[in-house]
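Novice: Provided below for reference: sequence and predicted model.
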Amino acid sequence: MNKKEELEIFISEEGEIKVRVRGARGGSCMTVLEKFAGKVGRIRDVVKTPEFYQEDVSTTGKIRQERRHGMQGKN
Amino acid sequence: MHQGRLNRPLIKERKMSALCGIELVIESLMMLRKTLDDLKIRYALLEEMEKSEKTLFEIQTGEGKTELAEIIINDGSGTRTGFQKQADGRYRIISTASSREESRQQKKLAGRIKRRYAYNRIREELSKQGYLVVEEEKEGDETVRILARRWR
């Protein structure tokens, strides 16, 4: 299943740039950031945050639904 | 009991966010020209630039030094700004501004150029890397916010 990656970019009136990567996992987050930001200019001030721990709701929901249907089918 | 076990999360994944500042690098003459055209900025020495085979033009800096630049523009009040290519391929901005007011105006103009160049370069790179711009807005302090997305 494809995963969503997002870049949120801010360009100030003076031409200063900030880039935030969202949705990438662990180390790949930094890779995505470097591959993009490094092409546009010189990277500085990197801040990494564990944005959130969460279950992959859509995947879990789908599996649960499939199991339910499977169980119903057997009944 | 069986149903309760199924309701527990099956997959846990740790998603990260990373934020960084970027120091803009101007290194594409083509993109710089496009940026100046977008902003409808007037070239100084336009006739000379178009007719002559020269690629470098003289500009007298505010400190009284004569430098060579590939592009020279006018800010409308007589102050000129030049873009000079460095050994590492980056462009340095130089100017004829000598007074505090001229310097202030020149910095403002340079800021406008950097911002538009950054915008053009970012849009170009997003497209190259397969991102689709899903949101673009100007915030209260004139900051441009772009949200781009791709599926991997």
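Specialist: Arrived safely. Keep in mind it's a predicted model, so treat the numbers as computed, not measured.
Novice: quick one: is the helix or strand B:Tyr119 falls within near chain A?
Specialist: According to DSSP states H and E, B:Tyr119 maps onto helix B:100-128. Yes. Helix B:100-128 is in contact with chain A by C-beta under 8 Å from any C-beta of the partner chain, via B:111-115, B:117-119, B:121-122, B:125-126. Every residue, glycine included, has its C-beta placed from N, CA and C.
Novice: Are any of those buried, and if so which?
Specialist: For these, a burial check counting by 16 or more other C-beta atoms under 10 Å in any protein chain shown picks out B:112-115, B:117-119, B:121-122, B:125-126.
Novice: for the residues you listed, which one is nearest A:Gly23?
Specialist: Of all these, A:Gly23 sits closest to B:Leu126, with 15.2 Å by C-beta to C-beta.
Novice: so which residue of chain B comes closest to chain A?
Specialist: Per C-beta to the nearest C-beta, B:Lys114 is where chain B lies closest to chain A, at 2.9 Å.
Novice: In this structure that residue contacts B:Leu24, no?
Specialist: Yes. Here B:Lys114 reaches B:Leu24: they are 5.6 Å apart, a contact under C-beta atoms under 8 Å.
Novice: Confidence-wise, which of the buried ones among the residues of helix B:100-128 next to chain A comes last?
Specialist: The lowest pLDDT within those belongs to B:Arg112, with 92.
Novice: picking up where we left off before, so what does whichever helix or strand comes after the helix holding B:Tyr119 touch, helix or strand wise?
Specialist: Using DSSP H and E, the helix or strand that directly follows helix B:100-128 along the chain is strand B:132-138. The criterion is 3 or more C-beta pairs under 8 Å, 6 or more residues apart in numbering or on different chains; DSSP states H and E, and the helices and strands that strand B:132-138 contacts are strand B:144-151.
Novice: Contacts for the strand it packs on next, please.
Specialist: Strand B:144-151 is contacted from outside by A:2-11, B:115, B:119, B:122-123, B:126, B:129-139, using C-beta atoms under 8 Å, 6 or more residues apart in numbering or on different chains.
Novice: in it, what counts as buried?
Specialist: Those would be B:144, B:146-150, for strand B:144-151 by 16+ other C-beta under 10 Å.
Novice: if we can go back for a sec, which strands and helices sit next to the helix holding B:Tyr119?
Specialist: Helices and strands touching helix B:100-128, by 3+ C-beta pairs under 8 Å, 6+ apart, are strand A:4-11, helix A:26-40, strand B:12-24, helix B:29-38, strand B:80-85, strand B:91-95, strand B:144-151.
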